[in-house]
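S.K.: pasting the structure only:
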């Protein structure tokens, strides 16, 4: 399977969100966290109920690196976009760290990765959101990213 397959890009987005979460949670620098993810630190570390290793999906390393470095470099700008798309009772600081990581990654792709269609960004980050949450967070993430898509790429949306 090619490193650029849809499954590998999906895995890269999931890993990027995890890396961004770790960076924010631990105040770690981007480079060592990214190096750990690029070296696939979890390889053979996940087992099933019988303690057999579970084969993890490969990921598009170029995409992972672009998202993590891009979000890290542009966090203040991305947070402004996100804050503008939140309802009045919500602030970016009020969001859970993982929700912030997902929104920042999705916003980065909407703003800077114009090679990725809006529908793909929205679908991929909904998949990421539902991998971590089952309550209201996926709906919040979808709503914010949908609003940002209409603002940042009106030519690709109905807005």
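M.R.: Sure, I can see it. The structure presented is a predicted model; accordingly, all values stated were derived computationally and were not measured. Residues are numbered from 1 along each chain as shown.
S.K.: give the contact list for residue 118.
M.R.: Residues counted as contacts of residue 118 (CB atoms under 8 Å, 6 or more residues apart in numbering) are 110, 149, 153, 156, 157. For glycine as for every other residue, the C-beta is placed from the backbone atoms N, C-alpha and C.
S.K.: closest to residue 135 among those?
M.R.: residue 149 (23.0 Å; CB to CB).
S.K.: mind telling me what element the residue lying closest to residue 140 once chain neighbours are set aside is part of?
M.R.: Closest residue to residue 140 apart from its sequence neighbours, by CB to CB, 6 or more residues apart in numbering: residue 99 at 6.9 Å. Assessed by DSSP states H and E, residue 99 sits inside helix 97-112.
S.K.: per-residue confidence at residue 57?
M.R.: Here, the pLDDT recorded for residue 57 equals 62.
S.K.: ditto for residue 25
M.R.: Looking at residue 25, the pLDDT reads 94.
S.K.: wait, what's in contact with residue 102?
M.R.: 17, 125, 128, 129, 132, 141.
S.K.: by neighbours, which of these wins?
M.R.: Among the contacts of residue 102, residue 17 has the most neighbours (other CB atoms under 10 Å), with 27 neighbours.
S.K.: what angle separates whatever helix or strand that residue lives in from helix 97-112?
M.R.: Following DSSP H and E, one finds residue 17 within helix 6-26. Calculated by axes from the mean of the first three to the mean of the last three CA atoms, to 10 degrees, helix 6-26 forms an angle of 120 degrees with helix 97-112.
S.K.: now do the buried residues in the next helix-or-strand element following helix 6-26.
M.R.: The C-terminal neighbour of helix 6-26 among helices and strands, as given by DSSP H and E, is helix 30-38. Going by neighbour count (16 or more other CB atoms under 10 Å), the buried part of helix 30-38 is 30, 33, 34, 37.
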